[in-house]
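*Asks:* Got a sequence here, can you model it:
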Amino acid sequence: MLTLKIPVQNIEATRQIVLNHKIIDFDYKIKVENGFGHIPIKEGTDEDVLSKVMEECKEEIIKQNENYTIEIMDLSQDDDLETVKRFPRSITELLKDKLSEEEIEELKKSFDIIGDVVIVEIPEDLEAHKKEIGQATLQFTKRKTVYMKKSAVKGVTRVRELELIAGEDNPITIHKEHGTRLKLDVKNVYFSPRLATERKRVQEATNDGEEILDMFAGIGPFPIVIAHEKNVNITAVDINEYAIKYLNENIKLNKLAPAAHITAICGDTNEVALNELKGKKFDRLIMNLPGLAPGFLDLAVSLCKDGGVIHYYEFSDGFSQGIERAQIACEKQNKEVEILNTRKVKSSSPGMWHVAIDCKVTEKNKKRLKKIIKKII
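*Replies:* Presented below is the predicted three-dimensional model:
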C-alpha cells in the first residue's frame, strides 16, 4: 500500500494538496505513528502525478516549516492501514450486485422496524432472493432480526404468518415511541409503527380527567402513549390474550402520568360491554380496527357520553362512507354526530386508505333544547 510519509504536524496541509490532485485513497484512514503520518495513495497513481504532488508539497509547506520532509512509503503487510467503515445509504445500494435493476425496482423497499425486529414485504417473484434481501436489510437497519410477511393480517386476533430470513429468530422486542416502551411478540400480536403520528394526535386531543375506552387495544400503544402524558382513566379491551399479556407488562414498564390508570380486559368487546362495562359511559372511544370497526359503531355510540368523541377507523377510498355510517349509527339512537376531523392515516392498498374520522356525539333532544333556550334568552 503506497503512502506519503510526512511529519505529523504537516498532515492537514499535505492532505489538502493530495486532495486537489485526487489521488488520496478514501478506503483507508491516515495512519499516525512515531511522529509521522501516512496518507494512503490510490492504487495505480501515475508516477509523474505523484512526483508533481511531492514537489508541490515541498514548495508550499517548506515555506512554513523548513524541516518538512516527504517520502513515498510502501507499507508492508504488517503495517496495513485501517480501512474506513462505509455504511450503505439504501437497501438498493446493498442489492445492486445481487439483483437486476428491474428486480430492485419491483422490490418494495418499504419495511416496518419494530424495536430490534424488521418486517419486510417481498413480491412473490423475488422470493428466490429472500435471503439476500434479508441480509441486506439486516446490514442496512442494524437490527437483530428480519422476518418476511407470509400472509396478510387475519382473524380477530390480528396476527400474520412470518418467516425468518436473516438474523436471530427472536420475535419478542421492545419498541420505543413518544417516550414510551412497548413490549410485544410480533408473531402473536398486531402492531404498526406507522400509526405513531396518529397515536400522538389522539393523545394531544385528550384532556385530563377523561374516561376513555380503547375497544381494540392490542398491546396498548394508544392507552400507553395517552396515559404517559395525560391524567386519564382508560379501559383497554382486546380479544387476543397475548396482546393483553403484553399490555399488562407495558403498564408496568412505563411511567404514567400521576393520576393516570389503565385497566386491561381480555375478551370480545361486545361481551365486555354487556358485563364489565355495563352501565358505563365514556368521554372518548378509540376504534382502531379498520377491517371490523363498522360492525361496532352502534355499540360505540351507545357507550359514548353526551358530547363525547369517537375516533373511528376504517379501510376506504375516502371519508363519505365512514361519515354516513356514523350518521346512521347516531340516528338509530336519537343522537347527532359532528365530524370534527378526517384524515388518511396510511395507505392500505392501491386506491384504499386506513382513514380516521373523529366524531362528536350529542343527544338530539338536548341539542334542540339548547337552541330553544338560546332563542328565548
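*Asks:* residue boundaries of the strands in the stretch 1-150 of the chain?
*Replies:* Per DSSP state E, counting those that start in this stretch, the stretch 1-150 of the chain carries strands over the ranges 2-7, 31-33, 36-40, 71-74, 111-114, 117-120, 145-149.
*Asks:* what's the least confident stretch among those?
*Replies:* Of all the strands of the stretch 1-150 of the chain, the minimum mean pLDDT falls on strand 71-74 (a mean of 84).
*Asks:* Name the residues that touch that strand?
*Replies:* Here strand 71-74 makes contact (CB atoms under 8 Å, 6 or more residues apart in numbering) with 1-5, 38, 41, 50, 54. Quick note: C-beta positions are derived from backbone N, CA and C, even for glycine.
*Asks:* Likewise for stretch 205-215?
*Replies:* 220, 222-223, 226, 230-237, 259, 269, 277, 280-289, 296, 299-300, 303, 305, 309, 358.
*Asks:* about what we covered before: columns mean neighbour count and distance to Gly134 on top of the strands of the stretch 1-150 of the chain, output as JSON lines?
*Replies:* Formatted as JSON lines, the strands of the stretch 1-150 of the chain follow (neighbours: other CB atoms under 10 Å; distance: least, CB to CB, whole Å):
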{"stretch": "strand 2-7", "mean neighbour count": "20", "distance to Gly134": "39"}
{"stretch": "strand 31-33", "mean neighbour count": "13", "distance to Gly134": "36"}
{"stretch": "strand 36-40", "mean neighbour count": "22", "distance to Gly134": "34"}
{"stretch": "strand 71-74", "mean neighbour count": "12", "distance to Gly134": "41"}
{"stretch": "strand 111-114", "mean neighbour count": "18", "distance to Gly134": "11"}
{"stretch": "strand 117-120", "mean neighbour count": "24", "distance to Gly134": "7"}
{"stretch": "strand 145-149", "mean neighbour count": "23", "distance to Gly134": "5"}
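*Asks:* To Leu182, which of those lies closest?
*Replies:* The closest of the strands of the stretch 1-150 of the chain to Leu182 is strand 111-114. By CB to CB, the value is 8.7 Å.
*Asks:* neighbouring strands for the closest one, and are they parallel or not?
*Replies:* Within its sheet, strand 111-114 is paired with strand 117-120 (antiparallel), according to DSSP bridges.
*Asks:* Please tell me how far the strand it pairs with is from the chain's geometric centre.
*Replies:* Computed by CA atoms, centre = their mean, to the nearest Å, the separation of strand 117-120 from the middle of its chain amounts to 11 Å.
*Asks:* Contact partners for the nearest residue to Lys335 once chain neighbours are set aside?
*Replies:* Computed as CB to CB, 6 or more residues apart in numbering, the closest residue to Lys335 that is not its neighbour in sequence is Val361, at 5.4 Å. Shown in contact with Val361 (CB under 8 Å, 6+ apart): 301, 304, 306-310, 330, 335-337.
*Asks:* Weed out the non-buried ones from the residues you listed.
*Replies:* 301, 304, 308-310, 330, 335, 337 (16 or more other CB atoms under 10 Å).
*Asks:* so how many other residues sit close to the closest residue to Glu241 other than its chain neighbours?
*Replies:* Residue nearest to Glu241 in three dimensions, not counting chain neighbours: Cys266, with 5.4 Å by CB to CB, 6+ apart. Around Cys266 there are 17 other residues, counting by other CB atoms under 10 Å.
*Asks:* same thing with Lys22?
*Replies:* Lys22: 9 neighbours (other CB under 10 Å).
*Asks:* again with Tyr190
*Replies:* Quick note: Tyr190 (other CB under 10 Å) scores 19 neighbours.
*Asks:* again, but for Gln9
*Replies:* Using other CB under 10 Å: Gln9 sits among 13 other residues.
*Asks:* where's the closest residue to it other than its chain neighbours relative to Ile6, distance?
*Replies:* Nearest residue to Gln9, sequence neighbours excluded (CB to CB, 6+ apart): Asn65, at 7.3 Å. Applying CB to CB, to the nearest Å, the value for Asn65 to Ile6 is 10 Å.
*Asks:* Kindly report the same for Ala166.
*Replies:* 44 Å.
*Asks:* Now stretch 203-220: average pLDDT?
*Replies:* 98.
*Asks:* Contacts only, for the residue in the chain sticking out farthest from the centre.
*Replies:* Distance from the C-alpha centroid of the chain, by CA atoms, centre = their mean, peaks at Glu66 (57.6 Å). Residues counted as contacts of Glu66 (CB under 8 Å, 6+ apart): none.
*Asks:* likewise Arg325?
*Replies:* Listed by CB under 8 Å, 6+ apart, the contact set of Arg325 reads 294, 297, 312, 314.
*Asks:* can you pick the most crowded of these?
*Replies:* Tyr312 leads the contacts of Arg325 on contacts (other CB under 10 Å) with 29 neighbours.
*Asks:* for it, helix, strand, or coil?
*Replies:* The local conformation at Tyr312, judged by DSSP: H, G, I helix; E, B strand; the rest coil, is strand.
*Asks:* Show me what the mean pLDDT comes to for the helix or strand where Ala264 lies.
*Replies:* Using DSSP states H and E, Ala264 falls within strand 261-266. Average pLDDT, strand 261-266: 98.
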